[in-house]
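Trainee: Take this sequence and fold it.
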Amino acid sequence: MQISACMVIGCLLVFAAGYDIAAHIVPDYIPVLIMIAGFPVVRLLPALLGLLLVPLPFLAAALLKEGSIGGGDIKLMGACGFVLGVRDGYSALLLGLFFAVLSQTIRGRDRSKGFALVPYLAAGCLIMMLSYL
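Mentor: Now for the predicted structure:
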């Protein structure tokens, strides 16, 4: 992946994380911009598979339990799956979830309360993108 694409996508992920912390939503244009920034450097078939398969666990969780996962998290991971592909997209997702669980456990947060997940997912995606450099 080109450094310029990583920088643009990285900035978009940091912006999305900050927005999610502040407002608990991710603007719809962020995943679109991530896909546009990554389009010149992706291979089409792995990108499309990542777009469809990476957000599936979040989509299933959202359908099974109302209020568990937001649509912004699902769309963001779809866009990151588009850029990273299936294997690295799932790795980013698992890293992000690991960071979230670790952080929430250390903080002793109440499990019944929601929290911004995008900062953790963004960290996982950034780490996976850095592995390309």
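
Trainee: In space, what's closest to Phe82 - neighbours in sequence excluded?
Mentor: Distance criterion Cβ to Cβ, 6 or more residues apart in numbering; nearest residue to Phe82, sequence neighbours excluded, is Leu51 at 4.1 Å. Glycine gets a C-beta too; all of them are placed from N, C-alpha and C.

Trainee: For the one you found, give me its contacts.
Mentor: Met35, Gly78, Ala79, Gly81, Phe82 (Cβ atoms under 8 Å, 6 or more residues apart in numbering).

Trainee: Now for those: which two are most distant?
Mentor: Between any two of the contacts of Leu51, the greatest separation by Cβ to Cβ is 9.9 Å, found for Met35 and Gly81.

Trainee: who has more neighbours, these two?
Mentor: Neighbour count, other Cβ atoms under 10 Å: between Met35 and Gly81, Gly81 has more, with 29 against 20.

Trainee: right, and the more buried one touches Ser91 too?
Mentor: No - Gly81 is not in contact with Ser91 according to Cβ atoms under 8 Å; the separation is 10.7 Å.

Trainee: chain center to stretch 31-41, what's the gap?
Mentor: Centre-to-centre, stretch 31-41 and its host chain are 13 Å apart (Cα atoms, centre = their mean, to the nearest Å).

Trainee: ok, and for that stretch, which residues are buried?
Mentor: Using 16 or more other Cβ atoms under 10 Å as the test for burial, stretch 31-41 gives Pro31, Leu33, Ile34, Met35, Ala37, Gly38.

Trainee: Centroid-nearest residue for this protein?
Mentor: Against the mean C-alpha coordinate of the chain, by Cα atoms, centre = their mean, the closest residue is Met77 at 3.8 Å.

Trainee: Helix or strand for that residue, just tell me which one.
Mentor: helix 71-107 (DSSP states H and E).

Trainee: Which stretches in this structure count as strands?
Mentor: In the chain, no strands are defined using DSSP state E.

Trainee: What segments of it are helices?
Mentor: Ranges of helices in the chain, per DSSP state H, are 3-23, 29-38, 44-53, 56-64, 71-107, 118-130.
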